[in-house]
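**Student:** my questions are about this predicted structure, shown below with the sequence.
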Amino acid sequence: MLYRVEGIVIRSMDYGEGNKIVTLLTKTNGKAGVLIRGAKKVKSRHASLAQPFTYGEFVFFRKSGLGTLNHGEIIESHHRLREQLDLAAYASYAAELTDKALQEDESSSFLFEQFHASLIGLEEGKDAQIISHLYEMRILEAAGYAPELDFCVNCGNEQGPMRLSPYAGGALCPRCTGQDPHAIKVGEGAFKLLRLFRRMDLRRLGAIQVKPETKQELKKAMRALMDAHLGIPLKSRSFLDQLDKYTI
């Protein structure tokens with residue numbers, strides 16, 4: 001069967017002497033694996049289509065499993081994301097997270113748009129860490145693990161200060177923090193941002209400035225949520241941590 005899809009390359013790997021296999025996050029068909037013959041050759045007309053973060057139209061034939069590219073056109077190359085180390089690190093994290101968290105048969109045009117918006121935001125120079133946390137929240141939402149942050153998940157109380165309990169599924173009020181002795185203390189500013197992340201569409205993210213100490217709280221909170229509910233080991237996250245040591 002012949003498929004014509006819009007997709008973004010979230011993974012690219014060598015196959016044989018001159019070929020590449022790419023994993024696409026498509027707008028309509030979820031994830032798709034496609035063999036691009038000759039993509040490693042310098043003069044290949046399809047070499048650029050195999051580059052990570054490339055957004056294009058892909059026409060491929062597939063009976064079952066892996067497809068084979070017939071034709072493709074680049075819509076956005078996102079080449080800047082491959083040229084700057086910090087941008088490449090954050091874009092790679094979003095791509096690997098998408099690849100590992102999304103099942104083969106899952107299709108979500110909204111998640112596609114959110115991933116695309118993440119790449120655009122990174123290129124436009126918006127805060128990479130904030131973009132990363134917003135996208136993590138979208139992944140949690142897609143997996144069915146989005147936290148409840150507007151009221152206590154144990155008693156419904158809306159009065160704070162709240163603590164974050166990843167295992168309880170969200171906020172715990174002062175009366176209920178004993179339900180989870182490992183609940184995380186989060187400052188008021190960081191908690192407000194977490195609530196904002198829970199509702200915000202990445203396509204609407206504007207310029208935002210967050211204090212370094214607040215960003216550290218956000219990172220701790222989002223890491224706890226991701227580890228509690230997804231627990232996916234990611235090479236790109238380890239690299240981000242190494243990068244942070246030299247940029248903080």
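**Tutor:** Happy to help now that I have it. Bear in mind the structure is a predicted one, so any value in this text is a computation, not a measurement. Numbers count the residues shown, from 1 in each chain.

**Student:** contacts only, for the most far-flung residue of the chain relative to its centre.
**Tutor:** Of all residues in the chain, residue 175 has its C-alpha farthest from the mean position, at 34.5 Å, by CA atoms, centre = their mean. With contact taken as CB atoms under 8 Å, 6 or more residues apart in numbering, residue 175 is in contact with 152, 155, 157. Heads up, the C-betas are built off the backbone N, CA and C, glycines and all.

**Student:** one more: residue 83?
**Tutor:** By CB under 8 Å, 6+ apart, no residues touch residue 83.

**Student:** show the pLDDT at it.
**Tutor:** pLDDT recorded at residue 83 is 95.

**Student:** returning to that earlier point: and the contacts of residue 175, which is closest to residue 187?
**Tutor:** Nearest to residue 187, judged by CB to CB, of these is residue 152 at 17.6 Å.

**Student:** returning to what we had before: cross the contacts of residue 175 against strands and list the overlap.
**Tutor:** Among the contacts of residue 175, no member falls in strands (DSSP state E).

**Student:** please flag which of these sit within helices.
**Tutor:** Secondary structure defined by DSSP state H assigns none of the contacts of residue 175 to helices.

**Student:** can you pick the most crowded of the residues you listed?
**Tutor:** Counting neighbours by other CB atoms under 10 Å, residue 152 comes out on top of these with 24 neighbours.

**Student:** could you find the closest non-adjacent residue to that one?
**Tutor:** Nearest non-adjacent residue to residue 152, counting by CB to CB, 6 or more residues apart in numbering: residue 173, 3.9 Å away.

**Student:** same question, residue 1
**Tutor:** residue 62 (6.2 Å).

**Student:** and the one you found, what does it touch?
**Tutor:** With contact taken as CB under 8 Å, 6+ apart, residue 62 is in contact with 1, 3, 32, 68.

**Student:** give me the secondary structure label for the residue farthest from the centre of the chain.
**Tutor:** Counting by DSSP: H, G, I helix; E, B strand; the rest coil, the backbone at residue 175 sits in coil.

**Student:** would you confirm that residue 5 contacts residue 26?
**Tutor:** Yes - at 4.3 Å, residue 5 counts as touching residue 26 under the criterion of CB atoms under 8 Å.

**Student:** show me the helices in this protein, by range?
**Tutor:** Taking DSSP H to define them, one finds helices in the chain at 80-83, 85-101, 109-123, 128-143, 188-199, 212-229, 235-247.

**Student:** closest one to residue 10 among these?
**Tutor:** Nearest to residue 10, of the helices of the chain and by CB to CB, is helix 85-101 at 4.1 Å.

**Student:** check which residues of the lengthiest strand in the chain are buried.
**Tutor:** In the chain, ranked by residue count with DSSP E as the criterion, the top strand is strand 2-15. Of the residues in strand 2-15, 3, 5, 6, 7, 8, 9, 10, 11, 12, 15 count as buried by neighbour count, 16 or more other CB atoms under 10 Å.
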